[in-house]
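# can't give you the sequence, but here's the structure:
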C-alpha cells in the first residue's frame, strides 16, 4: 500500500477521494440529504492533498466540520474519510504535521459530537441513539467523544505502523531475499570452517614431511664424511620426501582454492536468463529474444557480451522507473551478432505524470534536438565499448525522444574472431 501510494503520487489521492465520495458520500446522501453529500465530498477532498500538503488537508477538515455544525447536520459517515486522511499524513508527513493533524482533526470531531449532544432535541435520534434526559446528553457526549478519540488515534497509529513496516521491516519479498542471502552466507561459512579443518590436518602432515626432509639432509651431511657413496642414497631419499611434501602442498592449494575456482567461472550468454528473472522480480517487464541461428563463441567473448548487456540493464535499473519495459534482442547472422537493449523509461514516466496531472505528456522539439546533437557519455558506456573492441565490435547508446534509451552492440566478425 505505502509503495503504491508513493509510486502514484497525486493520482492515489484522487482515487481515495473518489472512493470516499462514492461510499461515504452516498451513505450521507441517503441518511441526511444533499447538504450532507456536499460536506462529505468536501471532507473526502482532503485525501487528495493529505500526502503532499498536510496543512491544506487540515484546513479542509476544519472547514467541513464548521459547516457541519453551522448546518446542524448529524455526524457524517465521511468521518471515516477524515480518519483515513489522518493515516496518510501520519505515514508521510513530518512529526510536526503528524501531531497537528491528529490534534486539530480530533478537536473538530469532538466539536461536532458535543454540539450534537447539546442541541439535539429530546426524543430525536442519531443513528438509532436517542436523548431523553439531560444525563443522556452527557452520556452521548462522552461515548461520542470516546469514539472520535479512539478512531483518530487508531488511524494515526496505523499510518505510523505501515510506514515503519515498509521502511524498516520490508515486504515479504524483501524478507525472503534477505533470508535466502543469509542461508547462502551460513552455508559458505560452514564450508569454510570445514575447509579450514581439513587444511589444518594437511598442514600438520606437510610439517612432518618437511621435518623429515631436513632430518634426511642433516644425516646425509654426516654420512658423506664417512662414506663417499652415501650422498647419492641421501639425495634419492630427499627427492622422495620432497615429492611427498610437494604432493601434500598441491592438495592443500587445490582444496583452499576450490570454491574460488568454482565461483570464478565466467558468466555467459546463457546466464542472461537468470539476470532477466532477477529484473522481473524487481518489477521490470523484461523480454529476452534470440533471432537467427546462434553459433558458439569462446568464454572470453561470452563474458564480454554478458557484461555489455549487464551494464545496459544496470543503467535501466538506475534511471528508469519500476514497471518500465525492457527488451533484449539478439540478432544472429552467419558471421556476427547484434544485441539491442531497449527500454521505455521516459515514456513510462511521462505516462505516470500525465495521469497525475491530467495532461498530455508528449515530447518537445528540444528533446528531439537533444537526442540528435547531445552524445551520451559515461564510464559504463566507455567500458562497454572497450569490451566490444576486443572482439572487433562497437557499442552505441542513443536516446529515443519520448520513449527511452537504446544500447546497440554489433560484432560483425564474431565467428571468425571468437568462434
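Received the coordinates, thanks. This one's a predicted model, so the numbers in the text were calculated from it and none came from an experiment. Numbers count the residues shown, from 1 in each chain.
# Pull the number of nearby residues for residue 419.
Residue 419: 12 surrounding residues under other C-beta atoms under 10 Å. All C-beta atoms are positioned from the backbone trio N, CA, C, and that covers glycine.
# contacting residues for it?
By C-beta atoms under 8 Å, 6 or more residues apart in numbering, the residues touching residue 419 are 295-298.
# what about burial for those, which qualify?
Among the contacts of residue 419, those classed as buried by 16 or more other C-beta atoms under 10 Å are residue 297.
# what about the nearest residue to residue 390 once chain neighbours are set aside, which helix or strand?
For residue 390, ignoring the flanking residues on the chain, the nearest one in space by C-beta to C-beta, 6 or more residues apart in numbering is residue 304 at 6.1 Å. Element membership of residue 304 [criterion: DSSP states H and E] is helix 299-319.
# What residues sit buried inside whichever helix or strand comes after that helix?
Following helix 299-319 in sequence order, the next helix or strand is strand 325-332 (DSSP H and E). Of all the residues in strand 325-332, those buried under the rule 16+ other C-beta under 10 Å are 325-326, 328, 330, 332.
# Return the residues in contact with the spatially most central residue of the chain.
In the chain, the C-alpha nearest the mean C-alpha coordinate belongs to residue 282, at 6.1 Å (C-alpha atoms, centre = their mean). Listed by C-beta under 8 Å, 6+ apart, the contact set of residue 282 reads 317, 322.
# and residue 240, how many neighbours?
13.
# how near is it to residue 212?
10 Å (C-beta to C-beta, to the nearest Å).
# Kindly report the domain assignment for this protein.
As assigned by automatic domain parsing, the chain contains the domains 2-169, 173-263, 269-418.
# shaky segments in the stretch 301-419 of the chain?
Along the stretch 301-419 of the chain, the parts satisfying pLDDT under 70 run over 352-375, 377.
# Which stretches in it count as helices?
345-357, 365-373, 379-389, 414-418 (DSSP state H, counting those that start in this stretch).
# Please apply the same query to the stretch 151-300 of the chain.
Counting by DSSP H, counting those that start in this stretch, the stretch 151-300 of the chain has helices at residues 172-226, 230-256, 258-263, 272-282, 299-319.
# quick one: which of those has the weakest pLDDT on average?
Looking over these, mean pLDDT reaches its minimum on helix 258-263, with a mean of 47.
# Which residue, other than its chain neighbours, is closest to residue 311?
Nearest non-adjacent residue to residue 311, counting by C-beta to C-beta, 6+ apart: residue 380, 4.6 Å away.
# Quick check: the gap between that neighbour and residue 305.
Residue 380 is 15 Å from residue 305, by C-beta to C-beta.
# Show me which of those two is the more surrounded one.
residue 305 (26 against 17).
# Return the member of the contacts of residue 419 nearest to residue 408.
Using C-beta to C-beta, residue 297 comes nearest to residue 408 of the contacts of residue 419, at 18.5 Å.
# Distance check, the nearest residue in space to the closest one that is not next to it in sequence against residue 314.
Of all residues not flanking residue 297 in the chain, residue 418 sits nearest, at 4.4 Å (C-beta to C-beta, 6+ apart). Distance from residue 418 to residue 314, counting by C-beta to C-beta: 24 Å.
# before we move on, what about residue 17?
Residue 17 is 39 Å from residue 314, by C-beta to C-beta.
# Just want to know which of the two has more residues nearby.
The neighbour count for residue 17 versus residue 314, taken as other C-beta under 10 Å, is higher for residue 17 (21 against 13).
# Number of residues surrounding the nearest residue to residue 393 once chain neighbours are set aside?
Nearest residue to residue 393 in three dimensions, chain neighbours excluded: residue 411, at 3.9 Å (C-beta to C-beta, 6+ apart). Counted with other C-beta under 10 Å, residues neighbouring residue 411 total 25.
# what do you get for residue 145?
Residue 145, neighbours per other C-beta under 10 Å, totals 16.
# quick one, what contacts it?
By C-beta under 8 Å, 6+ apart, the neighbours of residue 145 are 110, 113-114.
# Can you tell me which of the residues you listed has the most neighbours?
Neighbour counts for those peak at residue 113, which has 22 neighbours (criterion: other C-beta under 10 Å).
# list the contacts for that one?
So residue 113 contacts 75, 140-141, 144-145, 147-148 (C-beta under 8 Å, 6+ apart).
# change it to 7 Å
By C-beta atoms under 7 Å, 6 or more residues apart in numbering, residue 113 lies in contact with 75, 141, 144-145, 148.
# would JSON lines of the residues you listed with secondary structure and distance to residue 390 be doable?
Converted to JSON lines, the contacts of residue 113 look like this (DSSP: H, G, I helix; E, B strand; the rest coil; distance: C-beta to C-beta, whole Å):
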{"residue": "75", "secondary structure": "coil", "distance to residue 390": "75"}
{"residue": "141", "secondary structure": "helix", "distance to residue 390": "82"}
{"residue": "144", "secondary structure": "helix", "distance to residue 390": "77"}
{"residue": "145", "secondary structure": "helix", "distance to residue 390": "76"}
{"residue": "148", "secondary structure": "helix", "distance to residue 390": "71"}
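# any idea which of these is the one closest to residue 58?
Among the contacts of residue 113, and counting by C-beta to C-beta, the member closest to residue 58 is residue 148, at 15.8 Å.
# in the stretch 51-200 of the chain, which segments are predicted with low confidence?
For the stretch 51-200 of the chain, counting by pLDDT under 70, the residues that fall below are 123-132, 166-181, 183-184, 186-188, 190-195, 197-199.
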